Structures are given as C-alpha cells and as structure tokens.
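Peer 1: here is the input, now give the coordinates:
(chains A and B, ligands or ions: 2)
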Amino acid sequence: MADLSKDELLDMYYDMVLIRRFEEKSEELYQQGKIGGFLHLYIGQEATGVGAIRALRPEDHFFTAYRDHGVAIARGIDIKGLMAEMLGKSTGVSKGKGGSMHLASREHNFWGGYAIVGGHLPLAAGVALRARYNNEDFGVLCMMGDGATNIGYFHESLNLSAVWDLPVVWLVENNQYGMGTAVERASGVTEIVKKAAAYGMKEGPRADGMDVLATYDAVKEAMEYARRTGPVLMEALTYRFVGHSMGDPERYRTKDEVREYQEGDPIGKFGASLTAKRKAKKDELVALDKKAAEEVEAAVRFAEESPEPTYEDLFRDIYV
Amino acid sequence: MATPAITTTATKRMTIREALSQALREELNRDDRVFLMGEEIGVWGGTYAVTRGFFDEFGERRVRDTPIAEMVIAGAAAGAAMAGLRPIAEIMTINFAFLALDAIVNHAAKVHYMFGGQFSCPLVVRTTTGGGRQLGATHSHSPEIIFAHFPGLYVCCPATASDAYGLLKTAIRNDNPVLFVEHSTLYQKRDEVPADDPDYTLPVGKSNILREGKHVTLVSFSKGVHICLEAAEKLAQEGIEAEVVDLRWLRPLDTDLLIESFKKTNRMVVVEEGHALFGVGAEVAAQVTEKAFDWMDAPIKRVTTIDAPLPYAREIEQMALPDANKVIAAVKEIL
Ligand SMILES: Cc1ncc(C[n+]2csc(CCOP(=O)(O)OP(=O)(O)O)c2C)c(N)n1
Ligand SMILES: [Mg+2]
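Peer 2: Ligands and ions are numbered 1, 2, ... in the order given. Sure, this is the predicted structure:
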C-alpha cells in the first residue's frame, strides 16, 4: 500500500478534483466557442493520471497523447498557463501554438501531448536513451491509449526499448475504446500487457486505473524496475465518462454501461476512503472542492485577459 | 561569387564517401553527444561503407545498430535530439524514409514550433537517393522535394566531396533537424577537400555557382550538378557559356542567388532527378517568374525524370533519367 502521508493523499485528492473542475470548465468554454479544435476530456480517468504522475520522481520524464490535461495538472503545472493554451493565448504553455492536444512544460520534464496516435512512443524511447547513453538515473513514463497499441509505432518502439534496455514504463490507459472501437474489435490480444511477450519485455500489472493508490503503487514499482533494468509494459484499466472528444454521438456504448462506471467514480471512491481510513474530515474535502473551483475560475480569468498571439508570432520558433 | 572562401590552405583529394566518413569521424571525436544509429551501420560497416570501421573505433555506445524499423529510427533519434543528444540517424535509402515520414515531418520538424519553442530537435537524418542502378520502381526514387515542402526541416543535398564534408558538419552542428541526402551513384566522386580545418562548415541555405557563364543558368543539386557541368562543358565547345548553380539546399532555398544569376543570363534550365510535377523546377520557375519576370527572355525549362516509375531494364531506365544531352537540348530550345 502506498506510503503516503495524509497531506500527500489530500494533495492527490485535490489534483483529481482540480482536473475534474478544469475539464468541466473546458467543456463549457468549448461550447461557448472559446476553445477550438479538438477537445479530449479526462473525466473518469483522473485516478490513472494522478496515480501515475505522482509515482514519478522530479527527475523522471513523461509523455502522453492528446488527452493530456489531467497529467499536466497532476505534475503541478500552473493551470493558468494550461488554460491560456486552451484559449490560444500567448501566455499559454505552448504560446498558443499547440492548443489542448499539445500541452508541454520543459521545466516539469513533461514532453508533451501528441496528437498522432503512437507518434510520441519513439520520442519517449529517444529521451530514455539519454539515460543509458549518459548513465543518468531517470526513467521515462510513456502513456498511451489502448488504441495506440495497434499501430506500427508501438511495435517498433517497444521492440527497440527492449533491445536497448531503455528505462521506459509503457503505460496503456485502457479506457476500453479507441474512439468508438472497443479493444476486442481492434486488437487480437485483448489483455494488452500480454503484448510484452512479443518483445521479451517485462509484463507489468493491469492496475485498477479507477483507484488512484493502486495505480500509484503499480507505476512506482514499474518505474523502479525500468530505471534499474529496462522497459515494462503495464495497463491502467479505466473508463472515460464522456465522449471521445466534443460532439461524440456515443453510438458504440450504452448509457447503462456509462452509468455503471460512473457509480464507481474514482474521485468519490477516493474521497470516501480518505474519510473512512485516513481520518480526513468531510469539511476538509468540501473545502478542497471549493478551492479547486476557485483556482479554475482564476485560471480562466487569467486566460481571458491574456493577449492573443500576433501575426509576427506565426513565424517565431519555426527554426531555432 | 557565392562560394565562401576556403580558409584552409591544405586540401586533400578524396571521394565523397571518404569526405563523409571523415566528417562523421571528426564530429564523433569532437562531441560526445554525437552518435550514429541506423540499420547495418555498425558491424556491417554501412551499406554504402561510409561508416566502415566505426564500430570498432567508437564502440556500440556511439555507433548503434538498430532493428529494421524506420519509424523508430527517426522517431527515437528525434526524441534523443530533443533530450539534448546530437543523433545522426541513417535511413538506409530514402525509399525507406517514407516509413519515417511521420516522425520526421510531424515530430522532428514540428516540436520546436508546436510547443512554443520549449524543445529543439538537433537531428540529422542521413540517407541516400537516386535511380540509375536497375533497382526497380521501389528502390529508385528521388523524393527529397517531398521533405523540402515542410517548414521546420532543412533539406541538404551535397554534390561534391568538399561540400559533403562541410555541409555534413554544418548539419550536425545546427540546432534544427536536417535531412541530409547523399546520392547513391556519387560516393566515388572525387575532389579537393579541406584537410587541416576540422571546423570547416558551410552556411545553411547558401547555394554555389560552380561555373560562371552568361548565356544560360543551369540549376541543379546532387547528381544533377554533374550532369549540368558535363552539359556546360560541351556547350562551351559550341560557344555557349552556361552558368551552373548548385543549390546545395532545397530548404532553405537560396532564391537570391538564383535571381542574381538569372538577371545576368535571362535564361534558365532546372535539372533534377525527381519527377517534374510539383518539383524543384516548378518551384524555381515560379519564384524566378514572380521576382524577375522583366529579365525573362525565354520560358524556364525543366529536365527531370520522365513521368513514369523507374523500370529495371538498363536501357529504358537510362532513357527515363536526366542526362547531359537532354540538358543541352533544353538549352538549345531557349537560346
Ligand atoms: C495515426 C492516427 N490515426 C488516427 C487518428 C485519429 N484518432 C485520434 S484519437 C483516436 C483513438 C485513439 O484511441 P486510444 O489510443 O485508445 O486513446 P483514447 O482516446 O481512448 O484516450 C483516433 C483513431 C490519429 N490521431 N492518429
Ligand atoms: Mg482508449
């Protein structure tokens, strides 16, 4: 069981709530036309993101796909810069050039969200190569969706990481669908961790991605193995409560199915266990909820008041 | 004349293969962050023998054989570059770089911009291009222009040994991703290479006048440069003075030098081993037309590979490719 103080646990709870509020607000802003492009929400998957990112050391690095708000928040990146990026402002983490799908923060060793399915996997292998090349003690967490495990990048990147013993944890956030295609309709192997065998790679656990502490423990252990020995393929079994992106008609699943998962809401569950087992008071949690909502409001204010990028910015940062 | 003065006194006659090897060896010795990765570059010694002996000399940390996996060769090299190393990824031939297109175009060329300048990608992808070796349709492409389409990437196509030497060093020391395209039939070409200046580099995006002339400008890069030089030599015997411009880089494209030359000759033929449609000739002709229309005495002509896949049979393959006679014919059409 995770060796975490009550304060740390409350911090994790706060992050999960902050993600939820941030995502709800983003949805609202999208509907108002203030956020454009594609918007992929993390609602339902908060335990996976917070558990996994909290398991990292500061010197570790991480990558994810386009569903990237949650992990950015979990790493402690100021949500002002994240929200400004969503609104396409020059104060955004990527100066308004990246948008929702391309958040990143170099100082947090967050190499970004990537919108080409599987495209970030080889990049993660490359960053991990530096650890071996320079004998540095860090690992790389590379998160991806279940759908990404069927693309060529997955095969090539996992294989290379095994051949070169790279310190990568390949963490599949298995939310059971890639857009509208269920895992069993897209993958010959439905227990995705079994794909590790093809590479002679350590098969990691299928962690309960709706349980923040279970995910935390599993990722922490996998990262330790990766830093010391080599790559691990693991899963976090999770579920997204909302559509793939905005405007998803959700014809591929039933309302009952969604409702069933919502009953096991990872935030509610974690909150209840904190009050039951860690002597957290209801009031404390309510206060955190309120604080999160305020932090999101402040971030939106900051983003709305921030300047737009200019015509000159179009030509900035094409080349070094 | 646009050629940067060679500051060295001593030169050594060597092949393009030797010049590339020497540049790589010196850069590996200069900077521990520089390393090589690719298929058959180590134990085998490189399929074009550019890295022969490197595996023993530098060891497997610096000279990394990879699986046959172009997506991850380009992608992992891009990641390593983002993390601060200086990888030189070798894609055995440019025909296989189609598999690496996403990693190169969507990531290597975009991460700097897309994340607001937070990351850079000082990556070199070395590869070899060109037809004429009876390898059939899949192994005879000259598609470097495809890569040159995208802002964020540089595309460099040396034609001579001294350029191969200087430009490869330029590419390695530059902080941007560079696709470095060698020509598979030029590795044995020889010329004088600076011999006592390990810091010899050439500027990014500067082309070079290899032969001066006043009647027509022949524009090319890579192997086409040698075709143009041969044509210019023959034309000279008939009293036609052709200027030969070696682009060296497809991106950035040195439009200034082209315009300057065109204003002098008022006529131009562009020679390339790619197909004509949307090619280098199309781009050069458009830019010259836009910027120097008043100096134009004749339509700009193109000599390219014909609009068909390349076949195996030797004679018809040669018919499909550009050569000096086709260049001479094109010149005579517009004189
Ligand atoms: C190479 C590529 N093909 C297709 C798409 C379109 N696309 C975007 S997300 C997605 C589904 C990916 O599902 P999964 O990896 O399970 O991630 P999730 O959205 O469930 O988090 C698809 C097909 C893409 N972005 N990139
Ligand atoms: Mg999925």
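Peer 1: for chain B, what spans make up the strands?
Peer 2: For chain B, the strands defined by DSSP state E cover B:11-15, B:34-38, B:63-65, B:86-91, B:124-129, B:154-156, B:178-183, B:190-194, B:208-211, B:216-220, B:242-246, B:249-251, B:268-275, B:301-305.
Peer 1: quick one, which of those strands is packed in tightest?
Peer 2: strand B:216-220 (a mean of 30; mean count of other C-beta atoms under 10 Å in any protein chain shown). To be clear about C-beta, it is placed using only N, CA and C from the backbone, and glycine gets the same treatment.
Peer 1: strands paired with that strand, and their directions?
Peer 2: Strand B:216-220 has the following sheet partners, assigned by DSSP bridges: strand B:242-246 (parallel), strand B:268-275 (parallel).
Peer 1: let me have these in TSV, extended by mean pLDDT.
Peer 2: As requested, the strands paired with strand B:216-220 are arranged in TSV below (pLDDT from 0 to 100):
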stretch	mean pLDDT
strand B:242-246	98
strand B:268-275	98
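Peer 1: quick one on the thing from earlier: can the strands of chain B go into CSV with extra columns for distance to A:Ser306?
Peer 2: Compiled in CSV, the strands of chain B are given as follows (distance: least, C-beta to C-beta, whole Å):
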stretch, distance to A:Ser306
strand B:11-15, 56
strand B:34-38, 40
strand B:63-65, 44
strand B:86-91, 36
strand B:124-129, 37
strand B:154-156, 33
strand B:178-183, 35
strand B:190-194, 51
strand B:208-211, 46
strand B:216-220, 47
strand B:242-246, 47
strand B:249-251, 33
strand B:268-275, 45
strand B:301-305, 49
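Peer 1: what's the pLDDT at residue 52?
Peer 2: Using chain A. The per-residue pLDDT reported for A:Ala52 equals 98.
Peer 1: hm, I was asking about chain B
Peer 2: B:Arg52 is assigned a pLDDT of 97 by the prediction.
Peer 1: that one - nearest residue in space that isn't next to it in sequence?
Peer 2: B:Gly45 (3.8 Å; C-beta to C-beta, 6 or more residues apart in numbering or on different chains).
Peer 1: roughly how far does the one you found sit from chain A?
Peer 2: 20 Å (C-beta to the nearest C-beta, to the nearest Å).
Peer 1: could I get stretch A:44-53 in CSV with only the CA atoms?
Peer 2: The C-alpha trace of stretch A:44-53 is given here as CSV (Å, rounded to 0.1, in the frame of the first residue of the first chain):
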residue,chain,number,x,y,z
GLY,A,44,-13.4,9.5,-15.4
GLN,A,45,-9.6,8.8,-15.8
GLU,A,46,-8.4,11.2,-13.1
ALA,A,47,-7.2,8.4,-10.8
THR,A,48,-5.0,7.0,-13.5
GLY,A,49,-3.3,10.3,-14.3
VAL,A,50,-2.8,11.4,-10.8
GLY,A,51,-1.7,8.0,-9.5
ALA,A,52,0.8,7.6,-12.4
ILE,A,53,2.3,11.1,-12.4
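Peer 1: let's have the strands paired with strand B:216-220 in CSV, adding distance to B:Ser261.
Peer 2: As requested, the strands paired with strand B:216-220 are exported to CSV (distance: least, C-beta to C-beta, whole Å):
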stretch, distance to B:Ser261
strand B:242-246, 5
strand B:268-275, 8
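Peer 1: which one of those strands lies nearest to B:Thr185?
Peer 2: strand B:268-275 (9.9 Å; C-beta to C-beta).
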